[in-house]
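Peer 1: predicted model and sequence below, questions to follow.
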Amino acid sequence: MREIIIAISCLLIFGCASQPKQTTLTLFFSPEQVSLTAEQQRKISDFLADNPYHQLAAKVAPADLANPFDALLQSQKRIQAVSSLSNSQNIPLHLEYAPNQTADTLILQRQSP
């Protein structure tokens with residue numbers, strides 16, 4: 001009986017002490033930025049490592065530029081940068097262009113099953 005209580009206590013302590021997995025990651029870009037900074041690469045790599053067996057979506061907003069065509073091109077380059085990082089880790093991403101999302105943002109999120 002004593003061993004059962006100790007085992008349950010240990011499970012509760014370790015279960016409560018562990019951090020929950022991050023299901024969403026939001027990154028912000030400057031309007032001219034098309035490649036990922038070292039910090040952004042690290043955050044994306046950590047997010048991919050925490051969610052290797054889940055379906056992931058990357059939602060990219062247009063850049064905050066006056067010309068809509070240039071804004072679309074900036075977004076495509078950002079998608080390519082994130083996609084190449086996920087491909088290097090063999091983790092597929094569902095890529096989405098999100099024109100109604102806040103400009104110059106990228107949201108990575110785990111899709112629910």
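Peer 2: Cool, got the structure.

Peer 1: and the gap between the nearest residue to Gln111 once chain neighbours are set aside and Ser75?
Peer 2: Leaving aside its sequence neighbours, Gln111 sits nearest to Gln55 (C-beta to C-beta, 6 or more residues apart in numbering; 4.4 Å). Backbone N, C-alpha and C define where each C-beta goes, glycine included. With the distance defined as C-beta to C-beta, to the nearest Å, Gln55 ends up 21 Å from Ser75.

Peer 1: now Ala49
Peer 2: Distance of Ala49 to Ser75, computed by C-beta to C-beta: 25 Å.

Peer 1: neighbour count: those two, which is higher?
Peer 2: More neighbours sit around Ser75 than around the other of Ala49 and Ser75, counting by other C-beta atoms under 10 Å; the figures are 23 against 10.

Peer 1: are we agreed that the more buried one is in a strand?
Peer 2: No. Assessed with DSSP: H, G, I helix; E, B strand; the rest coil, Ser75 is helix; it does not lie in a strand.

Peer 1: which residues touch it?
Peer 2: Listed by C-beta atoms under 8 Å, 6 or more residues apart in numbering, the contact set of Ser75 reads Val60, Ala61, Pro62, Ala63, Tyr97.

Peer 1: let's see that with 6 Å instead.
Peer 2: Contacts for Ser75 (C-beta atoms under 6 Å, 6 or more residues apart in numbering) come out as Val60, Pro62.
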